[in-house]
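In: sequence plus predicted model, see below.
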Amino acid sequence: MRADRPDPELAALYDTLWQRLERGVADRRAAARHPVLATQARHGGGEARVVVLRAAARDAGVLTVHTDSASPKVAELRDEPRATLLVWETKARLQVRLRVHVTIRPGSAEEWARVPEASRLSYGGAAPGTCVARPGDVESMADPARFAVLDAHIGEIDLLHLDQPAHRRARFCREDGWRGVWLAP
């Protein structure tokens, strides 16, 4: 293959990745629906939690997640906006690590209107992670001022397919136009 032409297998893998991410937005049962967001903890070390993928914009290379602005992850991302999103697809035996730079913004009225009524109660009351006497002691209230959007701007994608007879691994970077290179697994 000529060096100036993209590898068609890498291009197909990149296309498949985005199809899976887009499916994660639309299908509640898709593995990409619930990626793990890893951030740098304020006390040192790292923090990881499952989030819900709300939008995937391939052309911009951006994934979107909603959160409560009072949550610890928002403070962590203000201190260090570099983070990782991890998707594991059990059936496909596919691990996707997305290295991202996260921007935090208030959710718009249009975005808030798309949040289901029951989910709106998560944005208000005691801040996430606050100690309470008992689980039922938390007063829930919808507060659109606490609704925040995390836009994860992808810089690099590391994809590992645990396939038989051989594993395959590839990396795609924004800086080279998502061209892709093969890596040792």
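Out: Thanks, I have it.
In: how many neighbours does residue 12 have?
Out: Residues contacting residue 12 under the criterion other CB atoms under 10 Å number 10. (Glycine included, C-beta is placed from N, CA and C.)
In: go on, residue 74?
Out: Counted with other CB under 10 Å, residue 74 comes out at 20.
In: with residue 141 instead?
Out: Residue 141, neighbours per other CB under 10 Å, totals 11.
In: when you give positions from now on, start the count at 20
Out: From this message on, residue numbering opens at 20, which makes the last subject residue 160.
In: I'd like the distance between the residue nearest the centre of the chain and residue 41.
Out: Nearest to the mean C-alpha position of the chain, counting by CA atoms, centre = their mean, stands residue 104 at 4.5 Å. Computed as CB to CB, to the nearest Å, the residue 104 to residue 41 distance reads 15 Å.
In: do the same with residue 170
Out: Look at residue 170 and residue 41: by CB to CB, they are 16 Å apart.
In: quick one, longest helix in the chain?
Out: Assignment by DSSP state H gives helix 27-45 as the longest helix of the chain.
In: report the mean confidence score over it.
Out: For helix 27-45, the mean pLDDT works out to 96.
In: how far away from the center of its chain is it?
Out: Mean C-alpha position of helix 27-45 versus that of the full chain (CA atoms, centre = their mean, to the nearest Å) differs by 15 Å.
In: then that helix to PDB, C-alphas only?
Out: C-alpha atoms of helix 27-45 as PDB (Å, rounded to 0.1, in the frame of the first residue of the first chain):
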ATOM      1  CA  PRO A  27      -9.000   0.900   4.000                       C
ATOM      2  CA  GLU A  28      -9.100  -1.500   7.000                       C
ATOM      3  CA  LEU A  29      -8.300   1.400   9.400                       C
ATOM      4  CA  ALA A  30     -10.900   3.600   7.700                       C
ATOM      5  CA  ALA A  31     -13.500   0.900   8.000                       C
ATOM      6  CA  LEU A  32     -12.600   0.500  11.700                       C
ATOM      7  CA  TYR A  33     -13.000   4.200  12.300                       C
ATOM      8  CA  ASP A  34     -16.400   4.300  10.600                       C
ATOM      9  CA  THR A  35     -17.500   1.300  12.700                       C
ATOM     10  CA  LEU A  36     -16.400   3.100  15.900                       C
ATOM     11  CA  TRP A  37     -18.500   6.100  15.100                       C
ATOM     12  CA  GLN A  38     -21.500   4.000  14.200                       C
ATOM     13  CA  ARG A  39     -21.200   2.400  17.600                       C
ATOM     14  CA  LEU A  40     -20.900   5.800  19.400                       C
ATOM     15  CA  GLU A  41     -23.900   7.100  17.500                       C
ATOM     16  CA  ARG A  42     -25.800   4.000  18.400                       C
ATOM     17  CA  GLY A  43     -25.000   4.600  22.000                       C
ATOM     18  CA  VAL A  44     -26.800   7.900  21.800                       C
ATOM     19  CA  ALA A  45     -29.900   6.400  20.300                       C
END
